[in-house]
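K.L.:
let's see this in three dimensions:
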Amino acid sequence: MKKLITKLYTRRDEGATAVEYGLIIALIAAVIVAVVGLLGTEIQQAFNTVYNAVKS
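P.N.:
Sure thing, here's the model as predicted:
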(Lines give C-alpha, C1' and ligand atoms only; values in the text may rest on other atoms or scores of the structure.)
Protein backbone atom coordinates (compact mmCIF):
# COMPACT_ATOMS: atom_id res chain seq x y z
CA MET A 1 0.00 0.00 0.00
CA LYS A 2 2.81 2.37 0.88
CA LYS A 3 4.50 1.70 -2.47
CA LEU A 4 1.26 2.43 -4.32
CA ILE A 5 0.82 5.79 -2.60
CA THR A 6 4.44 6.70 -3.28
CA LYS A 7 4.05 5.70 -6.93
CA LEU A 8 0.88 7.77 -7.37
CA TYR A 9 2.44 10.82 -5.71
CA THR A 10 5.49 10.62 -7.95
CA ARG A 11 3.33 10.58 -11.07
CA ARG A 12 1.45 13.68 -9.96
CA ASP A 13 4.68 15.49 -9.20
CA GLU A 14 6.12 14.75 -12.64
CA GLY A 15 2.95 16.00 -14.29
CA ALA A 16 3.05 19.21 -12.30
CA THR A 17 6.67 19.73 -13.29
CA ALA A 18 5.80 19.38 -16.97
CA VAL A 19 3.03 21.94 -16.60
CA GLU A 20 5.37 24.33 -14.82
CA TYR A 21 7.96 24.02 -17.59
CA GLY A 22 5.25 24.64 -20.16
CA LEU A 23 4.15 27.81 -18.37
CA ILE A 24 7.73 29.06 -18.17
CA ILE A 25 8.25 28.45 -21.89
CA ALA A 26 4.99 30.26 -22.69
CA LEU A 27 6.06 33.23 -20.56
CA ILE A 28 9.46 33.42 -22.26
CA ALA A 29 7.79 33.26 -25.68
CA ALA A 30 5.40 36.07 -24.73
CA VAL A 31 8.30 38.25 -23.59
CA ILE A 32 10.18 37.62 -26.85
CA VAL A 33 7.11 38.52 -28.91
CA ALA A 34 6.59 41.71 -26.89
CA VAL A 35 10.23 42.79 -27.24
CA VAL A 36 10.26 42.15 -30.98
CA GLY A 37 6.99 44.04 -31.32
CA LEU A 38 8.32 47.04 -29.43
CA LEU A 39 11.77 47.14 -31.02
CA GLY A 40 10.85 45.86 -34.47
CA THR A 41 10.82 49.23 -36.23
CA GLU A 42 14.08 50.33 -34.60
CA ILE A 43 15.79 47.12 -35.67
CA GLN A 44 14.45 47.53 -39.20
CA GLN A 45 15.77 51.10 -39.36
CA ALA A 46 19.19 49.96 -38.17
CA PHE A 47 19.34 47.27 -40.86
CA ASN A 48 18.22 49.77 -43.50
CA THR A 49 20.96 52.19 -42.41
CA VAL A 50 23.60 49.48 -42.69
CA TYR A 51 22.18 48.32 -46.03
CA ASN A 52 22.29 51.84 -47.46
CA ALA A 53 25.84 52.37 -46.19
CA VAL A 54 27.04 49.13 -47.78
CA LYS A 55 25.10 49.81 -50.97
CA SER A 56 26.78 53.20 -51.51
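K.L.:
gap between residue 51 and residue 44?
P.N.:
Distance of residue 51 to residue 44, computed by C-beta to C-beta, to the nearest Å: 10 Å. In short, each C-beta sits where N, CA and C put it, glycine included.
K.L.:
now the strands for the chain?
P.N.:
With DSSP state E, there are no strands along the chain.
K.L.:
just for it, where's the confidence low?
P.N.:
Low-confidence segments of the chain (pLDDT under 70): 8-15.
K.L.:
how about the helices in this protein?
P.N.:
Secondary structure of the chain (DSSP state H): helices at 2-55.
K.L.:
neighbours around residue 50, how many?
P.N.:
Other residues within reach of residue 50 by the criterion other C-beta atoms under 10 Å amount to 10.
K.L.:
what residues are up against it?
P.N.:
The contact partners of residue 50, taken as C-beta atoms under 8 Å, 6 or more residues apart in numbering, number zero.
K.L.:
distance of it relative to residue 56?
P.N.:
11 Å.
K.L.:
what does residue 23 give?
P.N.:
Here residue 23 is placed at a distance of 49 Å from residue 56 (C-beta to C-beta).
K.L.:
who has more neighbours out of the two?
P.N.:
Between residue 23 and residue 56, residue 23 has the larger neighbour count (other C-beta under 10 Å), namely 10 against 5.
K.L.:
what separation do you get for residue 29 and residue 35?
P.N.:
For residue 29, the distance to residue 35 equals 11 Å [C-beta to C-beta].
K.L.:
actually residue 25, not the one I wrote
P.N.:
Relative to residue 35, and taking C-beta to C-beta, residue 25 is found at 16 Å.
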